[in-house]
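Chemist: Quick one: sequence and predicted model below, then my questions.
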Amino acid sequence: MRPWSGRSLLTDQARLRAGGLLAGCAIVVVVLGVLFAGQATADPFDQAVDSAIITWFAGRPTLALWLAYPATLVPAGGASLIAALACLARGWLRGAVLALLAVPVASGLNDAFLKHLFHRTYLGVLAYPSGHAAAASALAMSLTILLLLAPRAEPPARPATRLVTVLRWAIPAVAWLAVVVVAVGVAGLRWHYVTDTIGGVALGTGTACALALILDLSWPRSGRHPLDASRSRRATPRPDSAPDGRRWSRSGPGTS
């Protein structure tokens with residue numbers, strides 16, 4: 001478990017990509033927010049896409065609710081908690097912190113600040129960015145970082161099984177599929193315009209990237225526990241010590 005304690009969240013190459021992705025997501029959120037600030041009606045793009053989704057879900061409100069469900073508190077929070085516990089079981093505290101913070105930070109930033117800042121409404125309710133899309137994408141991006149972008153741990157005693165490799169790729173893929181499903185569901189329920197969900201996906205993705213970058217920059221570089229370090233210093237023989245721990249005297253081996 002020790003090799004995981006100081007493990008970073010992003011490799012050097014992934015850190016550059018995460019920084020670029022964060023910048024792109026921030027641009028999307030701000031540009032769309034400025035374009036739609038104060039609007040209470042759909043633009044032509046939203047009308048074209050949303051009308052088709054709404055028409056298809058006519059008479060199927062239960063299906064739309066189920067599609068939006070993965071981004072609600074219980075499934076999103078439960079998945080985050082499971083990911084955090086898995087990281088803690090490996091001694092990877094940095095990974096656990098990312099798993100626990102990504103969804104609530106994205107949701108809090110959205111509901112407490114951005115929705116009020118841009119004040120775009122749908123049927124009288126603040127709509128931009130979509131909190132459901134933000135939560136789903138924050139979870140998906142955090143899982144992508146933990147399973148695919150983080151440096152690989154030291155090779156295990158035996159080669160990883162094919163099942164482990166498949167799961168490493170399948171779990172993020174399912175999470176991103178859930179993002180698309182949630183976006184379609186909230187549009188079908190007439191909770192959000194499709195551009196609200198685009199802004200929400202950018203917000204959640206950028207939030208997870210920002211948290212990973214911050215944790216990597218601010219976390220102590222050494223993952224060793226202070227007690228381990230002190231034990232290591234005590235266990236290291238001094239240059240003037242004999243192999244059995246006794247000190248050499250000038251006249252020969254013996255105790256000083």
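Modeler: Right, received. Where do you want to start? Numbering: from 1, shown residues only.
Chemist: For stretch 28-38, buried residues please.
Modeler: With burial defined by 16 or more other CB atoms under 10 Å, the residues of stretch 28-38 counted as buried are 28-29, 32-33, 36. C-beta: built from backbone N, CA, C; applies to glycine.
Chemist: no wait, stretch 172-185
Modeler: Neighbour count says stretch 172-185 has 172, 175-176, 178-185 buried, by 16+ other CB under 10 Å.
Chemist: which helix is the longest one in this protein?
Modeler: Assignment by DSSP state H gives helix 162-188 as the longest helix of the chain.
Chemist: What distance do you get for the most centrally placed residue in the chain to F45?
Modeler: Centroid-nearest residue in the chain, with CA atoms, centre = their mean: S142, separated by 1.9 Å. Note on S142: its distance to F45, by CB to CB, to the nearest Å, is 29 Å.
Chemist: quick one on the thing from earlier: is the residue nearest to the centre of the chain in contact with A84, as I believe?
Modeler: No - between S142 and A84 there is no contact under CB atoms under 8 Å: 9.7 Å.
Chemist: Could you list the low-pLDDT ranges of the stretch 1-150 of the chain?
Modeler: Applying pLDDT under 70 to the stretch 1-150 of the chain flags the ranges 1-5.
Chemist: ok now do I53, which residues does it touch?
Modeler: Listed by CB atoms under 8 Å, 6 or more residues apart in numbering, the contact partners of I53 are 184, 187-188, 194.
Chemist: wait, I meant D216
Modeler: D216 neighbours (CB under 8 Å, 6+ apart): 8-10, 15, 94.
Chemist: between those, which is nearest A68?
Modeler: Closest approach to A68 among those (CB to CB): L9, at 29.1 Å.
Chemist: how close does the closest residue to P61 other than its chain neighbours sit to A136?
Modeler: The shortest distance from P61 to any non-neighbouring residue, by CB to CB, 6 or more residues apart in numbering, is to L189 (7.0 Å). Shown here: L189 relative to A136, a distance of 15 Å by CB to CB.
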